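Trainee: predicted model and sequence below, questions to follow.
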Amino acid sequence: MSLSIPRIKSSYLLLVSVMMFTKCNSVKTPQKSQENQVSKDAIRELLIRPSLTDSSITNADIAHLIMYDSTSQQSKLLLFLPGTGGVPVRGPKRLFETAIEQGYKVINLSYINRPAVAQICRNENLENDKACTSKFRTQRIFGTQMTSLIPDLEQDAIINRFKKLLFYLDANDESGDWSMFLDGNTINWQSITIAGQSQGGGMAAFIAKQINVNRIITFSGGWDFSGVDKIADWYASKSITPPNNWYGVYHTKEPRATVLAETYETMKIPSDHIFPLNREIRTGKKAHGEGIRNVVYKDLWVKLLK
């Protein structure tokens, strides 16, 4: 059931108040380059609950975050999938602002991200089914009922949530010109870059294997196994998205850095599209999140988002 524009505006005002609180409590970071800089006043932000776009969605009904430059036309869309426990409104705003500067609209998608693949497809579950991770990701992404190990229903799926959100935005946010990302009743994937971090990075990679997207950026994208010390078979499966449109990022100090490097190589990401980060980790932070949150990597973000 569609909601009127006034409701979207109220969600927007709620988000602004959240942003003001966040800014007051954030650590100061270096000033952004003036090149392609978009005024913060020009960035429109919306919070839209999945249940507003599809009334059958009741699980993980945490609001999607939408960001774009309200003063200019953007013909590209960045679909970002957060990691385990990720809440869209708390997403990596500096990365998103960089994407907007590069001509993107941004959607940080709300989906069922608990429990994670790595929490379910392990020990006995993995011993009983070496394809556990593939079945898990298929059900969570496409809604196809593959396993009883997770409760995800067809309407809960990442693709359904994304598609219904685009329909909703097209109908209710006229200034956003969202129709360019739709082709009738289907998604126009050729204008969409899909990215994600940790579990979300694995979801992005799994999608790009089966759908031809504009480009795929996986930040520390998961570590699926099919057995003891054996990465999951799906990493070696054929990719519909051409190899030259794949990009992989991880930090060399991550606990799973070696496994991530192996999965990126197995997925045939070109060596010059793989970026092992090694800059100093921010005080009190973990290496696993540096790729999407540490502004020292802004030049890399720009390169990834060309």
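Mentor: Done, it's in.
Trainee: for the rest of this, base every contact and every neighbour count on C-alpha atoms.
Mentor: Will do.
Trainee: any idea of the pLDDT on the residue sitting furthest away from the middle of the chain?
Mentor: Centroid-distance maximum for the chain: residue 128 at 30.0 Å, with CA atoms, centre = their mean. On the pLDDT scale, residue 128 is placed at 97.
Trainee: for the stretch 101-250 of the chain, which segments count as strands?
Mentor: 104-108, 182-183, 186-187, 192-197, 215-219, 225-227, 230-231, 246-251 (DSSP state E, counting those that start in this stretch).
Trainee: which of the ones you listed sits most buried?
Mentor: Highest mean neighbour count of those: strand 215-219, a mean of 28 (counted as mean count of other CA atoms under 10 Å).
Trainee: report all helices and strands that that strand contacts.
Mentor: In terms of contacts (3 or more CA pairs under 8 Å, 6 or more residues apart in numbering; DSSP states H and E), strand 215-219 is packed against strand 192-197, helix 199-210, strand 246-251.
Trainee: just tell me which of these ends up closest to residue 51.
Mentor: Of all the helices and strands packed on strand 215-219, helix 199-210 sits nearest to residue 51, with 20.8 Å by CA to CA.
Trainee: quick one: mean pLDDT over the closest one.
Mentor: 98.
Trainee: that one to strand 215-219, inter-axis angle?
Mentor: Counting by axes from the mean of the first three to the mean of the last three CA atoms, to 10 degrees, helix 199-210 lies at 150 degrees to strand 215-219.
Trainee: about what we covered before: how far away is the residue farthest from the centre of the chain from residue 258?
Mentor: For residue 128, the distance to residue 258 (CA to CA, to the nearest Å) stands at 26 Å.
Trainee: same thing with residue 192?
Mentor: Computed with CA to CA, the distance linking residue 192 and residue 258 is 29 Å.
Trainee: nearest to residue 154, out of the helices and strands packed on strand 215-219?
Mentor: Among the helices and strands packed on strand 215-219, helix 199-210 comes nearest to residue 154, with 16.1 Å by CA to CA.
Trainee: the closest one packs against which elements?
Mentor: Here helix 199-210 touches strand 76-81, helix 132-142, strand 192-197, strand 215-219, going by 3+ CA pairs under 8 Å, 6+ apart.
Trainee: what would the ones you listed look like in CSV with distance to residue 49?
Mentor: Output for the helices and strands packed on helix 199-210, formatted as CSV (distance: least, CA to CA, whole Å):
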stretch, distance to residue 49
strand 76-81, 15
helix 132-142, 18
strand 192-197, 20
strand 215-219, 25
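Trainee: go through these and name the closest to residue 242.
Mentor: With CA to CA as the yardstick, what comes closest out of these is strand 215-219 (8.6 Å).
Trainee: now that closest one, how far from the centre of its chain.
Mentor: Put simply, strand 215-219 sits 9 Å off its chain's centre (CA atoms, centre = their mean, to the nearest Å).
Trainee: strands paired with it, and their directions?
Mentor: Strand 215-219 has its sheet partners listed here by DSSP bridges as strand 192-197 (parallel), strand 246-251 (parallel).
Trainee: between the ones you listed, which gets nearest to residue 123?
Mentor: Closest to residue 123 of the strands paired with strand 215-219 is strand 192-197 (CA to CA; 24.0 Å).
Trainee: now do the closest one against strand 104-108, angle only.
Mentor: Using the same axes, to 10 degrees: strand 192-197 against strand 104-108 is 40 degrees.
Trainee: what comes into contact with strand 192-197?
Mentor: Contacts with strand 192-197, where a contact means CA atoms under 8 Å, 6 or more residues apart in numbering, come from 76-83, 181, 201-204, 208, 213-222, 289, 292.
Trainee: low pLDDT regions in the stretch 51-200 of the chain?
Mentor: Scanning the stretch 51-200 of the chain for pLDDT under 70 picks out nothing.
Trainee: which residues in it form helices?
Mentor: Per DSSP state H, counting those that start in this stretch, the stretch 51-200 of the chain carries helices over the ranges 93-101, 117-120, 123-128, 132-142, 158-172, 199-210.
Trainee: in CSV, list the ones you listed along with distance to residue 263.
Mentor: Shown next, in CSV, are the helices of the stretch 51-200 of the chain (distance: least, CA to CA, whole Å):
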stretch, distance to residue 263
helix 93-101, 24
helix 117-120, 15
helix 123-128, 18
helix 132-142, 14
helix 158-172, 22
helix 199-210, 10
